[in-house]
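Peer 1: Take this sequence and fold it.
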Amino acid sequence: MLSPKEMLHKGVFGGTYFSELIDYKKFPDDWFQGIEKSFYCSEKYRVEVNFFKIKSGQSQKEWEEKGWIHKDDPRGWFEWYCKYYIGRRHEDDERQIKRWAAFCGPKGRWRNRIYSQINCCECSISSSHDVSRRIQQSLLHWSYVVNDADYKLWLKAKDKC
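Peer 2: Model (predicted):
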């Protein structure tokens, strides 16, 4: 839904994503133009950098313990996505795409969970900013933004309203 540049400019990962293991200089310069370095290369997690102003996600150690990390992308899905976005194709593509779908695809656990929490036929998604900000920040980590079109499809699929 969003490019890596758009994600970085919105505010993700508390600004710490490129502070260890990978060099942001290996990615297009324009991704980082117009934002402070603290938005992507902070040594300290900064809640105020995140779009929803909340801490969300797990630590690098937790990612590694759960086996989510491929040796070629030590910082996980977003690193894989950045490389995929600029054209790399890799043996891990299928697994990463399945992980994305399970998280926020049409049948994704967290996408469906946030829509079930909104669950208001007359509501506009623009008014959902304060509904489970932690889930919404996590969805943003996966390049997904809650939106009216997907919400209407969710309502229709659930036979609501």
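
Peer 1: middle-most residue in this structure, spatially?
Peer 2: In the chain, the centroid-proximal residue (Cα atoms, centre = their mean) is residue 141; its distance is 1.5 Å.

Peer 1: so what's residue 45 closest to, chain neighbours aside?
Peer 2: Distance criterion Cβ to Cβ, 6 or more residues apart in numbering; nearest residue to residue 45, sequence neighbours excluded, is residue 14 at 3.7 Å. For the C-beta atoms, the positions are set from N, CA and C on the backbone; glycine is no exception.

Peer 1: pretty sure that neighbour is touching residue 52, no?
Peer 2: No - at 11.2 Å, residue 14 does not count as touching residue 52 under the criterion of Cβ atoms under 8 Å.

Peer 1: quick check: longest helix of this structure.
Peer 2: In the chain, taking DSSP state H as the definition, the longest helix is helix 93-104.

Peer 1: residues in contact with stretch 122-129?
Peer 2: 52, 114, 118, 136, 146, 147, 148, 151 (Cβ atoms under 8 Å, 6 or more residues apart in numbering).

Peer 1: Show the average pLDDT along that stretch.
Peer 2: On average, the pLDDT along stretch 122-129 is 71.

Peer 1: same deal with stretch 1-8?
Peer 2: Stretch 1-8 comes out at a mean pLDDT of 96.

Peer 1: Flag every buried residue along it.
Peer 2: By neighbour count on 16 or more other Cβ atoms under 10 Å, the buried set for stretch 1-8 is 2, 4, 5, 7, 8.

Peer 1: Equivalent analysis for stretch 38-58, please.
Peer 2: So, applying 16+ other Cβ under 10 Å, buried residues of stretch 38-58: 38, 39, 40, 41, 42, 46, 49, 50, 51, 52, 56, 57.

Peer 1: same deal with stretch 22-41?
Peer 2: 22, 24, 27, 31, 32, 35, 38, 39, 40, 41.
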